[in-house]
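Chemist: need a 3D model of the sequence below.
(2 chains)
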Protein chains: 2
Amino acid sequence: MTNNTHAGAHQEATIEADPTVPMISIHRDFAATPEQLFRAHTDPEVFARWIGPGSRRPTLTHWDATNGGSWSYQLDEGEDVQAFRGTFHTVRPDRIVQTFTWEGMPDAVALETMTFEDLGDGRTRLHAQSLCDSFEARDGWLRSGMEIGVNQGYAKLDGLLADGSL
Amino acid sequence: MTNNTHAGAHQEATIEADPTVPMISIHRDFAATPEQLFRAHTDPEVFARWIGPGSRRPTLTHWDATNGGSWSYQLDEGEDVQAFRGTFHTVRPDRIVQTFTWEGMPDAVALETMTFEDLGDGRTRLHAQSLCDSFEARDGWLRSGMEIGVNQGYAKLDGLLADGSL
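Modeler: Purely as a prediction, here's the structure:
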């Protein structure tokens, strides 16, 4: 980890392009238990409070965080609405596997896997990988400015953890 | 296609390991319309009549072939039961995207995409790709004997098309 700062300090996620497969790997430490990070990704009321960049208002339009369930949400900024959808393949306390599509490119589907590594000191490392079906698609995501939404979203999640909301 | 034989003759699917991404690509021609191949993959009564090797009895234990739906089935051979499950991310007449897990390796998830190419003479080419998250996982599938189930299943589907069941 290159950004292993203390809780409360500004922290950015490590976002890496895998050299051998068309995957994006994200690593991010939180002042949280694995259970809290699991809840942050599965409880619709919590998820809707942190997902996406700070400029956009999230609305969950469907949410069934179970094995074989599915989800959809939109991120609004004034008149501009960006919609996303996917399925939940696996929902376990230690592992979430889901599909992900931005409705602007409805045939592009990523397979996302999240795991929660207990660091043993009240901190947990989130590992999130997104698998695409080509390097071109993966590199397109990396060029899309996705790091802004990732980092601003995780900063909002830091806030929910700090103020006892979660 | 290396196996472009006529309807009724013995035909094997082309099963290819992609050289650049951890994907298996399958191509197979059928004496069918795209609509018939779509139905073969989405109608539970039809699907249960052809999926898997001839030695195993398929039973669909859950089936909701819609966007955001999910599925599970088992293939029985006497006391030996092999179970599979996944989600349907996209179900459109021209495209099916689904996740796939063999319950014997519950953390291994493939992302499968099927398209139906109309060859214009009453024949349709099925393109099925399975994306894994590592080359090791992909190569494990290729070594598993999967071609037996693929080819015997598609031969059963040929039979359903030939006898007017579909």
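Chemist: residue ranges with poor pLDDT in chain A?
Modeler: Along chain A, segments meeting pLDDT under 70 span A:1-10.
Chemist: CA atoms of the helix ranked longest in chain A as CSV?
Modeler: The longest helix of chain A (DSSP state H) is helix A:146-162. Backbone C-alpha positions of helix A:146-162 (Å, rounded to 0.1, in the frame of the first residue of the first chain) are rendered in CSV as follows:
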residue,chain,number,x,y,z
MET,A,146,-13.5,6.4,-12.3
GLU,A,147,-11.0,7.2,-9.6
ILE,A,148,-12.9,10.4,-8.7
GLY,A,149,-16.1,8.5,-7.9
VAL,A,150,-14.1,5.7,-6.1
ASN,A,151,-12.1,8.0,-3.9
GLN,A,152,-15.0,10.5,-3.1
GLY,A,153,-17.3,7.6,-2.4
TYR,A,154,-14.8,5.9,0.0
ALA,A,155,-14.2,9.3,1.7
LYS,A,156,-18.0,9.5,2.3
LEU,A,157,-17.9,6.0,3.8
ASP,A,158,-15.0,7.1,6.0
GLY,A,159,-17.3,9.8,7.3
LEU,A,160,-20.2,7.4,8.0
LEU,A,161,-17.7,5.2,10.0
ALA,A,162,-16.3,8.2,11.9
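Chemist: for the top strand by length along chain A, which positions count as buried?
Modeler: Ranked by residue count, the top strand of chain A under DSSP state E comes out as strand A:80-92. Residues of strand A:80-92 classed as buried by neighbour count (16 or more other Cβ atoms under 10 Å in any protein chain shown): A:A83, A:F84, A:R85, A:G86, A:T87, A:F88, A:H89, A:T90, A:V91. From N, CA and C alone the C-beta is placed, and that goes for glycine too.
Chemist: over to stretch A:129-144?
Modeler: Quick answer for stretch A:129-144 (16+ other Cβ under 10 Å): A:Q129, A:S130, A:L131, A:C132, A:D133, A:R138, A:W141.
Chemist: now do it: everything it contacts.
Modeler: A:15, A:17-18, A:21-26, A:100, A:108-114, B:20-21, B:23, B:111, B:113, B:129, B:131, B:133 (Cβ atoms under 8 Å, 6 or more residues apart in numbering or on different chains).
Chemist: give me phi/psi at A:D107?
Modeler: Dihedral angles of A:D107 (phi, psi; degrees, to the nearest 10) stand at phi -90, psi 0.
Chemist: list the contacts of it.
Modeler: B:T90, B:R95.
Chemist: ok, now how distant is it from A:V97?
Modeler: Counting by Cβ to Cβ, to the nearest Å, the gap from A:D107 to A:V97 is 20 Å.
Chemist: ok, A:L60 - how many residues close by?
Modeler: For A:L60, the count of nearby residues is 14 (other Cβ atoms under 10 Å in any protein chain shown).
Chemist: look up the closest residue to it, ignoring the ones flanking it.
Modeler: A:Y73 (4.6 Å; Cβ to Cβ, 6 or more residues apart in numbering or on different chains).
Chemist: identify the residues contacting the one you found.
Modeler: Contacts of A:Y73 by Cβ under 8 Å, 6+ apart are A:F47, A:A48, A:I51, A:P58, A:T59, A:L60, A:T61, A:W63, A:A83, A:F84, A:R85.
Chemist: for beta bridges, what are the partners of it?
Modeler: A:L60, A:F84 (DSSP bridges).
Chemist: if I look at it, how far off is A:G54?
Modeler: According to Cβ to Cβ, A:Y73 and A:G54 sit 16 Å apart.
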